[in-house]
Each structure stands twice: as C-alpha cells, then as structure tokens.
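# The following comprises the amino acid sequence and a computationally predicted model.
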Amino acid sequence: MKKIGIAAVTYKDNFGSALQTYATQYTLEKLGYDARIFEIKGVYRGIMIKKLLYYAGRLFDPVEAKYLFANLSSRSRKQASVSTDQFANDMKERHQMYQDFNKRWNKMLPTVKGWKGLRKQASEMDAVVVGSDQLWRPSNIVGCYYTLEFVPDEVKKIAFSTSFGVPELPSRLHKHAKKFLSRIEHISVREDSGAEIVKNESGREATVVCDPTMMLTAEEWMHIQDEKPFAEEKYILMYLMGDNPEQREFVKKLSKQTGCRIIGLLHGATYISYDEDVVDEKPYNVGPAEFINLIRNAEYVCTDSFHCCVFSILNSTKFFAFRRWPDGSKFSANDRLYTLLKFTGLERRLLDGSEDVSKCANDEIDFSDVLERVTQRRKESMDYLVNALNS
C-alpha cells in the first residue's frame, strides 16, 4: 500500500482545521492509501521564530498589528491559572476535547527531531499532500513547513485545496512564493483568488477545488459524531470569531423573532468579552465532532466561519454568513466565503447585520439544488486528486 504524508494543522484548537485534517486523511484512505499526518512538534520552535520575525516587520500595518496583539492577549490568558481565570479554565476544557478528537481520529506519524528528521520521514513517502485551510498565509510561507520545502525533490508533492488566506502576497514574499510553488507538481487551491495568486507568482494554472470537508457527505460525517443532539430544544448557533457588534445585534433580533435561544461557541480566535452577554448558553465541552452536531441540529446558524458555513450546507441547516474583515483589507480572507457561496448559489446568505431579520428568517434555501452543486464540485475535486496521485 502506498504511503501518503499529510502536512496539516494539528497544533492549535480550531474546529475547521481539525476537521479538514481528518477529511484529508479520510479521503486519501478511501482511495486506498496509507495516509499519515506529520507531527510538527519537532520543528515548531524554529517555525515560530521565523513567524515572529516576520510579524516584527509588519507591526506598522495597523490591521496586522491588531490581529497579532489580540492573539497574544488571548494566548496569555489561556495560560493563566485555571483556578483564578475562568477563561483559562474554559479554554482548558475545550482544549481537552480537541486532544481527545485528535487522539481518536487523526493518525499521526512519530515525532522526529528537526528538519533533517522530518526530511528523512518525508523521503519514505510515495507522496506528500499539503492540506486545506489558510496554510499559505504569509506568516506560514516564511515558516517553510506548509510550503513542503522539507520534502525531497524526488517525492511527489500535491497541494489539495490549499488557501493563501489573503487577497495578495506582500512583495517581499514574491521570490519565496515562486520558488516553493515551482517544486509542487500538482497545485489546487480553495479560492478563486488563490488561483490568481498562483498565476501571478509562478505563471502556473491552479485548479479550484472544494475544501476537504466537503469531500464527505453529511452521512459520512455521522461516523464521528453522536446521533443524539448535543443540545435540546430549538436554538440558534452563534459562532462569530470577528469583532463585529452589528452581527451580534442581528443574532439577538433573530432570537427574539423566532423564540429560539442562542447557543454561542465563544472566543474561537480571540477573547471577545461582550459575547458573554449575547448568548443564553456557552458550552465549552465542544470538540470538532460536537461542533458538527450543534450545526446539524440548529434551527439557524449565524457565523463568519468558512467551515461553519460548509457544515451548515452539508447538513441542510439554514444559515447566515457574515464577513469577518472589511473588503479591501490586506488581511481579509473573505474570498473563501465568496467562492463557497458562489458555487453553491447561496450568495444571498451573506449579510452585513443590518438586514430585515423577519425577511431573512423566512428566506428558505433549496438544499436539493445546493447539494447537487456540491456533489458536482466534489466529483471534480476527486478527479483532480486521483489524477495528481496517479500521474
């Protein structure tokens, strides 16, 4: 059986990252490969040093500086004493849910020491696949891990639905981007803007495919979750990671309009204090599997999360999507939503928060048409992957 190594996110607690990692592995195994995930721990310190040096040169960008300081603040609080800080205690509970999920479902390769050990491990693979998510963000490019620069030339390298996470790369990264893109034999991206970046940086054509999480049907996703609903009674699921008060106001109005209580998955990216007063319930014993369960059984989902939209679509749950960043921002990753909603024909589900709630609540979705579109994109994406693996 041929062995495939996967470079994906396993070191941070993010629902979408964990689920796309599992989906990439599942899809490869479904094709008959022995798929294993590289453990980043052996090179993590070196990667973080490179990323910090990159951020140090970006502190004069107000948007990037705000993002960096918000993340550092949240990380600091997560590491506080759980006996004196409720947020740290809540995050510890959520972290354990991720640990349990990864241990049960994601098949990891042994941890090796340094880039030399990782390169040797990669040399034993028939191919290495870099997964989805924003793995080619500028800060990840400088880390040299998700760019597959540790993989020997003779080992096949495949990008499957990888995302840049920004509308364009900083000029200082053009040379680096051209170099690493030229080494990857097969390139597919998740967003239309990603294909444009690949073209501009390397002159190559990239295939736009669906996110790995969409390679599985709703029925296949039941394999990792409980049939029983995580929460009883009717509810609206709120999963908003950006700091946009008008979007919270929409959720509160929707709750009043429908009589549904609000369950919030809070502090997903950074700590946002006022969210505590918006929701009726805020569970922290929620891992990736429970995340899908909550989406599947919700009356409505309100989110600025790409993957939350994906699982709403797969489970035929009525949802409203919001922009996390203002359009035009160099830090914006909005195009992932635009691409998703465009190919599913759901552009009207993207709101800014000022819309008529009553009208929105009564706007039904023809999920039969939507899922037909998903099935077609899934087939095209599978054809790409099979061709890349077999060529």
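Received the coordinates, thanks.

# So Ala159 is in contact with Gly194, correct?
No: using C-beta atoms under 8 Å as the test, Ala159 is too far from Gly194 to be in contact (9.5 Å). Heads up, the C-betas are built off the backbone N, CA and C, glycines and all.

# Just want to know which of those two has more residues nearby.
Ala159 (30 against 27; other C-beta atoms under 10 Å).

# For Glu249, see how far away Ser255 is.
11 Å (C-beta to C-beta, to the nearest Å).

# ditto for Leu53
Remark: distance between Leu53 and Glu249 (C-beta to C-beta) = 40 Å.

# neighbour count winner among the two?
Neighbours were counted for Leu53 and for Glu249 using other C-beta under 10 Å; Glu249 has more, 14 against 10.

# For the more buried one, give me its contacts.
Shown in contact with Glu249 (C-beta atoms under 8 Å, 6 or more residues apart in numbering): Gly353.

# try it again with 6 Å
Contacts for Glu249 (C-beta atoms under 6 Å, 6 or more residues apart in numbering) come out as none.

# looking at this, Ala159 is in a helix?
No: according to DSSP: H, G, I helix; E, B strand; the rest coil, Ala159 belongs to no helix; its state is strand.

# My guess is it contacts Val128. True?
No: between Ala159 and Val128 there is no contact under C-beta atoms under 6 Å: 10.0 Å.

# mind exporting stretch 160-171 as CSV, just the C-alpha atoms?
C-alpha atoms of stretch 160-171 as CSV (Å, rounded to 0.1, in the frame of the first residue of the first chain):
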residue,chain,number,x,y,z
PHE,A,160,-5.1,19.9,-2.1
SER,A,161,-7.4,22.9,-1.7
THR,A,162,-4.7,25.0,0.0
SER,A,163,-5.5,28.6,0.7
PHE,A,164,-3.4,31.8,0.9
GLY,A,165,-5.9,33.4,3.3
VAL,A,166,-5.2,36.9,1.8
PRO,A,167,-6.1,38.6,-1.4
GLU,A,168,-2.4,39.1,-2.4
LEU,A,169,1.0,38.4,-1.1
PRO,A,170,3.4,41.1,0.2
SER,A,171,6.1,41.9,-2.3
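
# Now do it, average pLDDT.
For stretch 160-171, the mean pLDDT works out to 92.

# Any idea how far it is from the middle of the chain?
With C-alpha atoms, centre = their mean, to the nearest Å as the basis, stretch 160-171 stands 13 Å off its chain's centre.

# Name the residues that touch that stretch?
Around stretch 160-171, the neighbours that count as contacts under C-beta under 6 Å, 6+ apart are 129-130, 132, 134-138, 177, 188-191, 193-194, 197, 209, 211-212, 333.

# change it to 8 Å
So stretch 160-171 is in contact with 24, 129-138, 141, 146, 177, 187-191, 193-194, 197, 200-201, 209-212, 330-333, 335-336, 381, 385, 388, going by C-beta under 8 Å, 6+ apart.

# So which of those sit within helices?
Those of those mapping onto helices are 24, 138, 141, 177, 193-194, 197, 200-201, 335-336, 381, 385, 388, per DSSP state H.

# which of the residues you listed has the most neighbours?
Neighbour max across these (other C-beta under 10 Å) = Thr24, 29 neighbours.

# OK, contacts around that one?
Thr24 touches Ile6, Ala8, Ala35, Val129, Gly131, Ser132, Phe160, Pro212, counting by C-beta under 8 Å, 6+ apart.

# quick one on the thing from earlier: overlap of the contact sets of Ala159 and Gly194?
Ala206.
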